[in-house]
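Peer 1: Mind looking at a prediction? Sequence and model below.
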Amino acid sequence: MSSIDISDYLADRGKLIIQDRALRVDAVKLDNLSPTEATAEEIVRAMRAEEAVSVWGAEHEDIEHPFPGMEFLTSRSVIMRTKVFNVLHKMPKGALLHAHLDATVDVKFLLDRILEQEALYVRTSTPLTTLSSTANVLPEFSPFPKSEVKLSDIQSLTDASYDGGWIPVKVARESFSPELGGPEGFDKWYIASTTINPAEAYGTHKTVEKIWEKFRDTFGVTRDVIRFSPIFRAYVREFLLSSIEDGISYVEARINFLFKTFFGPDGRNTLTHRDMLKIYGSVVQEVKDEMKSQRREDEFIGSRIIYTTIKIITPEELEWYTEDCLALKKEFPDLIAGFDLVGPEDTTKPIIDYLVPLLRFKDRQKELGLEIPFIFHAGETLGDGTAADDNLYDAVLLGTKRIGHGFSMIKHPKLMEICRERKIALEVCPISNEILRYTTSIPMHPIASVLNHGIPVCLCSDDPSAFGNLGLSFDFYQVLVSSEKTGLITLGEIALDSLKYSTLEAGEKERAIALWQKRWTEFLERIVRTGGDL
Ligand SMILES: O=c1[nH]cnc2c1ncn2[C@@H]1O[C@H](CO)[C@@H](O)[C@H]1O
């Protein structure tokens with residue numbers, strides 16, 4: 001038998017693979033790795049391969065079938081114990097470009113702030129008398145001036161004769177009945193009402209429609225708490241500080257401006273969006289100053305706001321918001337980064353319904369010499385040719401700077417080409433998509449197709465307080481362990497792109513990128529020096 005020469009075949013195979021990967025954001029970089037980059041990449045690849053067996057191939061109590069990239073809510077505690085996660089936690093991540101401000105901070109932090117506020121009251125629609133009622137009844141919070149609050153005659157939510165009136169939050173917690181866990185039972189009830197748990201996401205609510213019902217409730221619970229200015233201030237501060245601790249150096253936060261006023265320290269609902277922006281700006285400055293005093297100014301470039309309202313409003317009503325956004329941009333040019341319309345896409349109005357006011361908004365910007373890019377949510381859907389899927393066409397036609405989610409993008413060859421050529425980055429939120437049931441795991445997520453097609457991607461956390469994916473380390477982790485192509489160097493390119501596709505002005509952007517680059521090089525050197533044991 002003559003021996004078979006496979007060298008030509010292997011050469012062709014190598015060429016085909018290179019051609020197939022040529023569009024990827026990491027293609028050029030991977031061809032030109034420095035020795036440090038190459039070694040760091042190998043260290044993390046080896047660590048991932050080892051943990052694929054030692055962690056994800058092992059038996060775990062409570063996890064039936066563990067695998068890398070599996071359901072996040074089930075595997076979060078396992079992820080946190082891995083070496084790969086430890087490396088990613090220390091990684092400089094660039095910008096966080098897609099996060100809804102009112103769902104960005106650890107729920108326990110918010111609960112502690114709530115309990116500090118004397119002007120905050122709580123009520124429920126019925127008394128909480130059984131454990132099952134605590135699972136079905138939501139707390140409603142509101143600030144009030146002391147003289148105006150309609151207090152309940154019975155100062156306990158868990159008393160059978162409770163009448164649905166307001167109770168100071170602290171009192172409601174202290175008087176929570178021992179049968180329902182006492183004050184700790186109150187805390188558990190609050191936390192369950194503001195987070196999604198695995199039994200809900202993967203059991204009782206496991207469709208997009210069902211889980212959105214629960215998800216929407218979480219925003220309802222905290223709505224008037226976060227709109228209360230003393231808490232708003234503390235919340236923004238905690239959001240920025242915790243982002244910095246996770247290696248994020250710049251943030252574009254989406255703020256929900258649907259409600260036209262918010263609550264001042266006196267408990268009155270009289271503050272305006274302008275007041276809110278002033279607070280936001282002052283907190284950003286405060287955090288910058290603090291970082292400077294700790295000689296850490298290179299770790300935080302700043303933060304800007306994407307103005308959002310929800311697609312439940314009528315097209316006529318949108319005009320109030322676009323005018324409001326113009327006025328805010330005029331007064332706070334550095335704070336307003338863009339404009340977006342949000343809400344569950346499958347059930348809210350499509351972008352096309354707002355076409356006239358959106359086109360008018362563009363004209364008004366020209367008239368006033370202002371520039372407020374659209375940064376639209378679009379294609380966060382399983383639909384194919386539905387109104388939510390078609391939002392992608394309108395987002396692109398209206399000139400969106402980036403696309404929030406773009407989950408259904410891979411169904412659209414022409415749009416993919418346009419996004420690649422015009423460099424319209426997708427703000428991909430892997431864990432959010434999995435918990436909201438657009439995908440059952442990250443290996444099934446379209447991110448691999450998007451990357452392979454050369455569309456720029458920024459990884460984002462979306463609503464980490466409800467999902468538990470605080471910072472960006474968890475989303476980076478899920479993406480890294482779900483692909484053999486994506487390694488540490490690819491994650492670096494993605495982090496770099498988050499700054500590149502941010503709305504930072506040219507000079508600021510250059511500075512942000514240079515600072516990230518410096519931290520990135522140090523990070524890789526540390527990996528090499530320690531063998532990844534950071
Ligand atoms: O993933 C998302 N897609 C669309 N809208 C969202 C998502 N997460 C949050 N919101 C919207 O943002 C508001 C809070 O700022 C929420 O009311 C919700 O409708």
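Peer 2: Arrived safely.
Peer 1: near the ligand, which residues of the stretch 301-450 of the chain?
Peer 2: Proximity of the stretch 301-450 of the chain to the ligand is confined to 310, 342-343, 377, 380, 432 under the rule Cβ under 6 Å from any ligand atom. Every residue, glycine included, has its C-beta placed from N, CA and C.
Peer 1: could you redo the last one with a cut-off of 8 Å?
Peer 2: Residues of the stretch 301-450 of the chain lying near the ligand by Cβ under 8 Å from any ligand atom: 308, 310, 342-345, 348, 377, 380, 404-405, 429, 432, 436.
Peer 1: So which of these belong to strands?
Peer 2: Using DSSP state E, 308, 310, 342, 377, 404-405 are the members of those that sit in strands.
Peer 1: And those residues, which is closest to Gly220?
Peer 2: Proximity of these to Gly220 was ranked by Cβ to Cβ; the top entry is Ile310 with 12.4 Å.
Peer 1: Do a quick rundown of the helices in the stretch 301-450 of the chain.
Peer 2: 315-331, 355-368, 387-397, 413-422, 430-435, 447-452 (DSSP state H, counting those that start in this stretch).
Peer 1: and which of the ones in strands among the residues of the stretch 301-450 of the chain next to the ligand is nearest the ligand?
Peer 2: Nearest to the ligand, judged by Cβ to the nearest ligand atom, of these is Val342 at 3.8 Å.
Peer 1: Can you give me every residue that contacts the closest residue to Lys90 other than its chain neighbours?
Peer 2: Distances taken as Cβ to Cβ, 6 or more residues apart in numbering place Leu534 nearest to Lys90, at 5.1 Å, with adjacent residues excluded. Contacts for Leu534 (Cβ atoms under 8 Å, 6 or more residues apart in numbering) come out as 86-87, 90, 526-527.
Peer 1: Now render the residues of the stretch 301-450 of the chain next to the ligand as CSV, adding pLDDT and neighbour count.
Peer 2: Converted to CSV, those look like this (pLDDT from 0 to 100; neighbours: other Cβ atoms under 10 Å):
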residue, pLDDT, neighbour count
Thr308, 98, 26
Ile310, 98, 16
Val342, 98, 19
Gly343, 98, 20
Pro344, 98, 21
Glu345, 98, 28
Thr348, 98, 19
His377, 98, 26
Glu380, 98, 28
Gly404, 98, 30
His405, 98, 26
Cys429, 99, 29
Ser432, 98, 27
Leu436, 98, 26
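Peer 1: can you put these in CSV and add distance to Ala495?
Peer 2: Converted to CSV, these look like this (distance: Cβ to Cβ, whole Å):
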residue, distance to Ala495
Thr308, 24
Ile310, 30
Val342, 25
Gly343, 29
Pro344, 29
Glu345, 27
Thr348, 31
His377, 22
Glu380, 23
Gly404, 19
His405, 19
Cys429, 15
Ser432, 18
Leu436, 24
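Peer 1: remind me, longest helix of this structure?
Peer 2: Secondary structure assigned by DSSP state H gives helix 506-530 as the longest helix of the chain.
Peer 1: residues from the protein in reach of the ligand?
Peer 2: So the chain meets the ligand at 100-103, 215-216, 219, 254-256, 258, 308, 310, 342-345, 348, 377, 380, 404-405, 429, 432, 436, 462-463 (Cβ under 8 Å from any ligand atom).
Peer 1: Surely His100 is in contact with Leu258?
Peer 2: No. Taking contacts as Cβ atoms under 8 Å, His100 lies outside contact range of Leu258: 11.8 Å.
Peer 1: The residue of the stretch 1-150 of the chain found nearest the ligand pairs with what?
Peer 2: Evaluated by Cβ to the nearest ligand atom, the stretch 1-150 of the chain has His100 as its residue closest to the ligand, separated by 3.7 Å. Applying DSSP bridges to His100 yields these beta-bridge partners: Arg254.
Peer 1: List the residues that contact it.
Peer 2: Residues near His100 by Cβ under 8 Å, 6+ apart: 253-254, 256, 308, 342, 462-463.
Peer 1: Tell me which residue lies nearest the centroid of the protein.
Peer 2: Asp462 (1.9 Å; Cα atoms, centre = their mean).
Peer 1: show me what contacts it?
Peer 2: Asp462 is in contact with 98-100, 103, 429, 431-432, counting by Cβ under 8 Å, 6+ apart.
Peer 1: quick one: which two of these are the most distant?
Peer 2: The span of these, defined through Cβ to Cβ, is set by His100 and Ile431 at 13.9 Å.
Peer 1: Relative to Tyr190, how far out is Asn136?
Peer 2: Asn136 is 14 Å from Tyr190, where distance means Cβ to Cβ, to the nearest Å.
Peer 1: should've said Arg526
Peer 2: According to Cβ to Cβ, Arg526 stands 40 Å off from Tyr190.
Peer 1: got the CA positions of stretch 49-60 in PDB?
Peer 2: Coordinates of the C-alpha atoms in stretch 49-60 are reproduced here as PDB (Å, rounded to 0.1, in the frame of the first residue of the first chain):
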ATOM      1  CA  ALA A  49      -9.300  23.500  29.000                       C
ATOM      2  CA  GLU A  50      -8.400  22.300  32.400                       C
ATOM      3  CA  GLU A  51     -11.500  23.700  34.000                       C
ATOM      4  CA  ALA A  52     -13.700  22.400  31.200                       C
ATOM      5  CA  VAL A  53     -12.900  19.000  32.800                       C
ATOM      6  CA  SER A  54     -12.200  19.700  36.400                       C
ATOM      7  CA  VAL A  55     -15.100  22.100  36.900                       C
ATOM      8  CA  TRP A  56     -17.600  21.700  34.200                       C
ATOM      9  CA  GLY A  57     -17.000  17.900  33.800                       C
ATOM     10  CA  ALA A  58     -17.300  17.300  37.500                       C
ATOM     11  CA  GLU A  59     -20.400  16.500  39.600                       C
ATOM     12  CA  HIS A  60     -22.100  19.400  41.400                       C
END
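Peer 1: For that stretch, buried residues please.
Peer 2: By 16 or more other Cβ atoms under 10 Å, the buried positions in stretch 49-60 come out as 51, 55-56.
Peer 1: cool, and stretch 515-534?
Peer 2: For stretch 515-534, the neighbour count (16+ other Cβ under 10 Å) marks 515-516, 519-520, 523-524, 527-528, 532 as buried.
Peer 1: can you tell me which of the residues you listed lies nearest to the ligand?
Peer 2: Set against the ligand, the nearest of those by Cβ to the nearest ligand atom is Trp516 (26.2 Å).
Peer 1: Might you report the residue contacts of the closest residue to Phe300 other than its chain neighbours?
Peer 2: Leaving aside its sequence neighbours, Phe300 sits nearest to Met291 (Cβ to Cβ, 6+ apart; 4.8 Å). Counting by Cβ under 8 Å, 6+ apart, Met291 makes contact with 244, 297, 299-300.
Peer 1: top of the residues you listed by neighbour count?
Peer 2: Using other Cβ atoms under 10 Å as the neighbour criterion, Phe300 leads these with 22 neighbours.
Peer 1: Quick check, that residue in contact with Val251.
Peer 2: No. Counting by Cβ under 8 Å, Phe300 does not reach Val251; the two are 9.1 Å apart.
Peer 1: Mind listing the shared neighbours of these two?
Peer 2: Leu240.
Peer 1: What residues sit buried inside stretch 118-134?
Peer 2: Neighbour-count burial for stretch 118-134 flags 119-124, 127-129, 133-134 (criterion: 16+ other Cβ under 10 Å).
Peer 1: No more questions from me, cheers.
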